[in-house]
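1. Requesting a structural model of the entry that follows:
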Amino acid sequence: MPMRGEATSMARYGGRHTCPPADRLIASADRLLSSTVDSSPAACRPISDSRSRTPPDAVPTLDAATRMNPCHGKLVLKNKRAILQFDDIPEDVVFLIIRLLSLTNAARVSMVSQKWLQSWRLYPNLEFTSKALGLNKRVHKQGRRAKFVRCVNTIIRHHAGTGINSFTLKRNLNNHKYAHYIDRWIYFAVRSGANELTIDLSPRWYAHPRDVKYSFPSSNVAAPEPTSIEHLKLCFMNLRPLPTFSGLRSLKTLDLALVCITTEDLESLLSYTPALQQLKLRQCPMLEYLKITDVLAKLVYIDIVPCLWLKILEIHAQNLVAINTYNICHLKIVLSEALVLKGAHIELVLSSDVIEYAFTDLAPLMPDLESLFLSGCTEMIISRRPPSNRFHCLKQLELKLQDISTKYDLLFLAKFVDAAPVLEAFVLHLEDIEEPFCYMEKEAELRSLEKHCPHKNLKLVKMTGFSAGRSSLELALYFVENSPALELLILDHRLDRSVWRSTFGGDLDAKCSKGYEHTISKYVSNAIPRRVRLSYS
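-> Residues are numbered from 1 along each chain as shown. Here you go, the predicted structure:
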């Protein structure tokens, strides 16, 4: 049963189960705990029922259920459970409990006592979103942004300003009149020693870089020296380092999404981040050429998804391990000779031939690759290649091929896999394949290449979008016949599981499923040796 004040607050904010915003909770806590509380014995005496009131001349007697505590001189009930007092909990335990609560729940718990309020003022993970602050959309229709700003200001004003681990701001405040508030909040986060700083001002439904109005204050970020920020994520804003910018010496992760920054400004920013380990760029429209210098000696991962106008990526970071790119157009990657790249994830949407790109660009450029993901279209034509255009160290290969016509032959992929002599796992995703579903005997006979066992280390083969048509069956049988170490063969008629159900629905109907299983049982199950486990669905 809620108290009277609590019930009033609930009714005021739109329903029985809707809690007040966090700023109102904190203000209430201050008022309650700062007021004088009557702590006399009379005020603390419980109210008893008049019908069971003991006469004043009655002499209390002790029965078997009660005894006298010699230390405190109080009656203690032996059979009743002890009541835990919140003030008796140690401060370090209180602080640990506060850390595990959400922002709104921590604000509500802080009203218990002065000790809990002091622990809340050291709350380490400040997350300012409409949901975290309890700003219900249905209730707060008018002036929602103004209420959000007022709530953030109240919480920051009551916070101790120390011990902050992460500071997150996610709200569509892309307006000039809120710029000075955002600048002040960022300065508070940096001054308080935040390790993680996330500022996301993007709209909920649609965001275009030309609508960006806010400019990130690089001077505020680097003002209190030394800066403790290790992870910085910015979304939907302008970014231009000022001449007085001294850098982010402790920065390990930089994530820019829908950020308008020129090539010169980004290279200048990166030159002041010697500890950077991960660089993520998403839809930064002003980048056409990017050079990663050897100043970033600790950089191990680059993620570019997608920067439409980026044409050339030059990398001189000596310890780079993996690269992930998603581009509309052909992206030219230039690597230093001393760079040993172990992993690459490359998606080319409108490129002419992703297989051709792998042979001509990636193989001579990244000879030490151990893991490769390629996605795009292909003409399925592989010409003769020099021995240097091979992936001599490649162990894991994943291909996603799109818009495959019936005039193309999947068996050509055998030549592509031959270019990776130490391959251990091969995954193939087939999308928009026009091959007839399930092979029929009246079609042309199944072809087979000359058996020469080139894949001595191949243990796993997985194919999604497998139609059990003639071309896909030939490819599956090729791996069975030429992989003496094969342990698992997975054939899945569905597309990549991450996109199948949301796009194409559920499984096959009963008639198609029966024909699919019959085709695989007849042509694949009878061909595989006992050591190989076959899984199909």
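2. Could you pull out the helices in the stretch 151-300 of the chain for me?
-> 179-191, 218-221, 263-270 (DSSP state H, counting those that start in this stretch).
3. tell me, which of those helices is the model least confident about?
-> Among the helices of the stretch 151-300 of the chain, helix 218-221 carries the lowest mean pLDDT, a mean of 66.
4. Where does the prediction get shaky in this protein?
-> In the predicted model of the chain, residues 1-87, 136-142, 218-226, 244, 328-329, 350-352, 380-388, 404-408, 432-453, 495-513 satisfy pLDDT under 70.
5. Okay, strands next: where are they in the stretch 201-350 of the chain?
-> With strands called from DSSP state E, counting those that start in this stretch, the stretch 201-350 of the chain shows them at 231-238, 253-260, 278-282, 289-292, 301-304, 312-315, 322-327, 332-335, 343-348.
6. got JSON lines for the ones you listed, with distance to residue 371 and mean neighbour count too?
-> The C-beta positions use only the backbone N, C-alpha and C, and glycine is treated the same way. Listed next are those as JSON lines, based on distance: least, CB to CB, whole Å; neighbours: other CB atoms under 10 Å:
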{"stretch": "strand 231-238", "distance to residue 371": "25", "mean neighbour count": "20"}
{"stretch": "strand 253-260", "distance to residue 371": "21", "mean neighbour count": "20"}
{"stretch": "strand 278-282", "distance to residue 371": "17", "mean neighbour count": "19"}
{"stretch": "strand 289-292", "distance to residue 371": "20", "mean neighbour count": "18"}
{"stretch": "strand 301-304", "distance to residue 371": "13", "mean neighbour count": "19"}
{"stretch": "strand 312-315", "distance to residue 371": "17", "mean neighbour count": "17"}
{"stretch": "strand 322-327", "distance to residue 371": "8", "mean neighbour count": "19"}
{"stretch": "strand 332-335", "distance to residue 371": "16", "mean neighbour count": "15"}
{"stretch": "strand 343-348", "distance to residue 371": "4", "mean neighbour count": "19"}
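7. if we can go back for a sec, out of the helices of the stretch 151-300 of the chain, which comes closest to residue 200?
-> Smallest distance to residue 200 across these (CB to CB): 11.2 Å, for helix 179-191.
8. List the buried residues in the closest one.
-> 179, 181, 182, 183, 185, 186, 187, 188, 189, 190 (16 or more other CB atoms under 10 Å).
9. swap in stretch 148-163?
-> 148, 149, 151, 152, 154, 155, 156, 158, 159.
10. Dump those into JSON lines; add distance to residue 520 as well.
-> As requested, the buried residues of stretch 148-163 are exported to JSON lines (distance: CB to CB, whole Å):
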{"residue": "148", "distance to residue 520": "57"}
{"residue": "149", "distance to residue 520": "61"}
{"residue": "151", "distance to residue 520": "59"}
{"residue": "152", "distance to residue 520": "59"}
{"residue": "154", "distance to residue 520": "64"}
{"residue": "155", "distance to residue 520": "60"}
{"residue": "156", "distance to residue 520": "62"}
{"residue": "158", "distance to residue 520": "65"}
{"residue": "159", "distance to residue 520": "62"}
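11. if we can go back for a sec, tell me the one of the buried residues of helix 179-191 nearest residue 532?
-> Residue 532 lies nearest to residue 189 out of the buried residues of helix 179-191, by CB to CB, at 56.0 Å.
12. quick one: the nearest residue to that closest one once chain neighbours are set aside from residue 88, how far?
-> Distances taken as CB to CB, 6 or more residues apart in numbering place residue 167 nearest to residue 189, at 3.7 Å, with adjacent residues excluded. From residue 167 over to residue 88 the distance is 33 Å, taken as CB to CB, to the nearest Å.
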